[in-house]
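Engineer: Structure for the following, please:
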Amino acid sequence: MTRVLRIELRRSAAPWVGLLLLAIGVAHLGLRNDASGRWTTLAALHRVGLLLLIPLALAGGAWYSRRERRQRMDELLATTPRPGAQRRLVAAAAVAVTVLAAHLLTFAVGAVRVAPNATYLPPGLPQTVAVGAVALVAAAWLGLSLGRVLPQPVVAPAAAVVAAGAIIAMKSSFTSDLDDQIPGFALLDPLLDGGDEFSVILNRVHAGQALWLVGLAVTAAGLLSAGRPRQVAFALVPALVGGALAVPLLPAGGPTAAYAFDHGAAALVCADGEPRVCVTRVHAATLPEVVGPARASLATLAKLPDAPTSAVERVERVGATGDELSRAPQPADTLWFPLYFDPSGRLELTGDEMRDEMLSGSIPWCPPTHPDDDDGWQPESAARSAASAWLRGRPPARSTMPNMAEFDEMEQRFYRDLTALPQDEQLRRMGALRRAAQDCRNALYPILAGETTP
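Structural biologist: This next block holds a predicted model:
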C-alpha cells in the first residue's frame with residue numbers, strides 16, 4: 001500500500017493540487033500582511049484563508065477524480081482484478097497528503113515571519129490549525145466523490161463557485177448583533193477564527209468542529225467506495241453521527257459564546273525601573289518603544305493633584321465575552337493607554353504621537369447622557385479637548401470640516417480661558433476635571449469653567 005501511494009504521489013497530478021493550495025494560501029497571507037509578531041493573528045488569517053482554499057480543494061478533488069474518464073481508461077480499468085474502490089482510496093490518500101502538506105507549509109511560511117517577534121503562544125493554536133486541515137481534507141474527498149459521480153469537465157469549476165457562494169452566504173446569514181437569533185450549529189463553520197488577540201476558542205468548539213468534519217471526511221471516503229444504494233446510505237451515517245455528537249458540544253449564545261478570555265495574553269510584562277510601565281504579554285515586543293513615551297506622559301501628569309504613578313496598556317477586545325478588564329474603571333493612580341498597530345503589525349504611532357495619545361487618554365472619554373442633545377454634548381467634548389491640549393502644551397488643532405467651526409471656536413475659547421488663569425488654579429481645575437472624567441460624571445465644562453468643584 002505504501003509503495004502504491006508513493007507511485008501515486010510521484011506520477012499523478014495530486015501534488016499539483018497541493019501546490020495550487022500552497023500558492024493561494026501563501027499569497028493570501030502575503031497580501032494581508034498583518035500577521036507580524038503575533039501567533040493569534042496568524043492563526044486567524046490562516047483560518048480565514050479557508051474561504052479560498054476549501055472551494056479550491058473541492059474543485060481539485062473533482063478534477064482529479066475524473067482522470068480515468070479524461071484518459072478514456074475507465075472501461076479498461078474496470079476489467080482489471082484490482083477493485084475500483086481500492087484505486088480510489090489510494091487516490092484519496094494521495095490527495096489528503098498533498099492537501100495537508102500545503103496547509104501546514106502555508107502556516108510554516110507565516111510562522112517564519114511571526115516567530116522572531118512573537119512573545120506569546122496562545123493555548124488554542126494547534127487546535128485551530130488542525131481543524132482547518134481536517135476541513136481541507138474533507139473538502140478534497142467530497143470533490144473526489146463528486147467527480148466520480150459527475151465526471152464532466154464543468155463540474156470542478158462549478159463546484160468551486162457553488163462552494164464559495166455557499167460559504168459567503170452562510171457567513172452573511174450568521175452575522176448579526178443579536179446573538180440569540182443565530183443558531184448554535186453556526187459554530188460548526190470551519191472559518192471561525194481565533195477572535196481578537198485576547199480571546200481563545202473554547203476547546204468544546206474545537207471538539208465539535210473536529211467531530212463534524214471528521215464525520216464528513218469519513219462519509220466522503222465511504223462514497224468513494226460505495227457502489228450500491230445501500231452502501232451510499234451507510235456512507236452517510238458518519239456525517240450524521242458526527243453532526244449529532246458535535247451540536248450538543250457547542251455553547252449557546254451565538255458566535256461570541258465560542259470564545260473565552262485569554263488571561264495569559266493579557267498578563268502584564270513590565271519594564272525595569274521607575275515609574276512602572278507595563279504592556280500585555282502578547283505585545284511584550286513593543287515594550288522598549290513604549291517606555292519612553294509612557295514615562296514622559298507620567299512626568300507631565302506628575303504636576304497634577306493625585307497624578308498617576310504607573311502606565312499600563314489597556315486591554316481592548318472586540319466581540320468576546322468575559323471582558324472584565326476593559327469594563328473596569330480606570331484607577332486614579334494608573335494611566336491606561338491602548339496600543340495601535342499598522343497592517344504589518346508595527347506600532348502605528350511614533351514616540352511623540354504616542355505621548356500625545358497617552359496624555360489625551362488620561363482624561364477618559366465618557367458617552368454623553370443624552371447623545372442627541374448637541375447643546376449638552378458639545379461643551380463637554382470641547383472641555384475635554386481643551387484639557388487634553390493643555391496637557392500636550394499647545395492649543396487644540398482646528399478641524400478642516402466646515403460644520404465644526406463652532407465647535408473649534410468653543411474649544412479654543414476654553415483653552416484660552418484656562419491658560420489665562422494662575423498656574424495653581426490651572427492645576428487645581430485640571431486635577432478636578434481628570435477625577436470627574438474618571439468617574440464619568442459628564443460635568444467637565446462646569447469644572448473647567450470654575451463653576452463647580454467635584
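
Engineer: my guess is residue 387 contacts residue 449, does it?
Structural biologist: No. Under the criterion of CB atoms under 8 Å, residue 387 is not in contact with residue 449, lying 11.7 Å apart. Every residue, glycine included, has its C-beta placed from N, CA and C.

Engineer: more crowded one of the two?
Structural biologist: It is residue 387, of residue 387 and residue 449, that has more neighbours when counted by other CB atoms under 10 Å, with 27 against 14.

Engineer: Can you point out the buried residues in the helix or strand containing the more buried one?
Structural biologist: Following DSSP states H and E, one finds residue 387 within helix 374-392. Within helix 374-392, the residues that count as buried by 16 or more other CB atoms under 10 Å are 377-392.

Engineer: try stretch 252-271
Structural biologist: 254-262, 265-266, 269, 271.

Engineer: What of stretch 420-427?
Structural biologist: For stretch 420-427, using 16+ other CB under 10 Å, the buried residues are residue 426.

Engineer: quick one: average confidence on it?
Structural biologist: Summarised as a single mean, pLDDT over stretch 420-427 is 90.

Engineer: And for it, what's in contact with it?
Structural biologist: Applying CB atoms under 8 Å, 6 or more residues apart in numbering, the contact partners of stretch 420-427 are 303-305, 390, 418-419, 429, 450.

Engineer: Looking at those residues, which are in helices?
Structural biologist: Among these, DSSP state H puts 390, 418-419, 429 in helices.

Engineer: Specify which member of those is nearest to residue 360.
Structural biologist: Distance to residue 360 across the ones in helices among the contacts of stretch 420-427 (CB to CB) is lowest for residue 390, with 10.7 Å.

Engineer: Okay, the residue nearest to that closest one when sequence neighbours are not counted and residue 383: tell me how far apart.
Structural biologist: Leaving aside its chain neighbours, residue 390 sits nearest to residue 418 (5.8 Å; criterion: CB to CB, 6 or more residues apart in numbering). Distance from residue 418 to residue 383, counting by CB to CB, to the nearest Å: 9 Å.

Engineer: Give me the common contacts of the two.
Structural biologist: Common neighbours of residue 418 and residue 383, counting by CB under 8 Å, 6+ apart, are residue 448.

Engineer: just so I have it, where are all the helices in the stretch 101-250 of the chain?
Structural biologist: Here the stretch 101-250 of the chain has its helices, by DSSP state H, counting those that start in this stretch, at 125-149, 155-173, 203-225, 229-235, 237-246.

Engineer: meant to ask about the stretch 251-400 of the chain, not that
Structural biologist: Ranges of helices in the stretch 251-400 of the chain, per DSSP H, counting those that start in this stretch, are 263-266, 287-301, 324-327, 351-361, 374-392.

Engineer: angle of the one helix or strand residue 436 maps to against helix 374-392?
Structural biologist: Using DSSP H and E, residue 436 sits within helix 423-438. Taking axes from the mean of the first three to the mean of the last three CA atoms, to 10 degrees, helix 423-438 and helix 374-392 form an angle of 120 degrees between their directions.

Engineer: starting at the chain centroid, how far to helix 423-438?
Structural biologist: Its chain's C-alpha centre and that of helix 423-438 lie 39 Å apart, by CA atoms, centre = their mean, to the nearest Å.

Engineer: Give me the below-cutoff pLDDT ranges for the stretch 351-454 of the chain.
Structural biologist: Residues of the stretch 351-454 of the chain that meet the criterion pLDDT under 70 lie in 366-377, 441-442, 452-454.

Engineer: if we go to 80?
Structural biologist: Low-confidence segments of the stretch 351-454 of the chain, defined by pLDDT under 80: 365-378, 398-406, 439-443, 445, 449-454.
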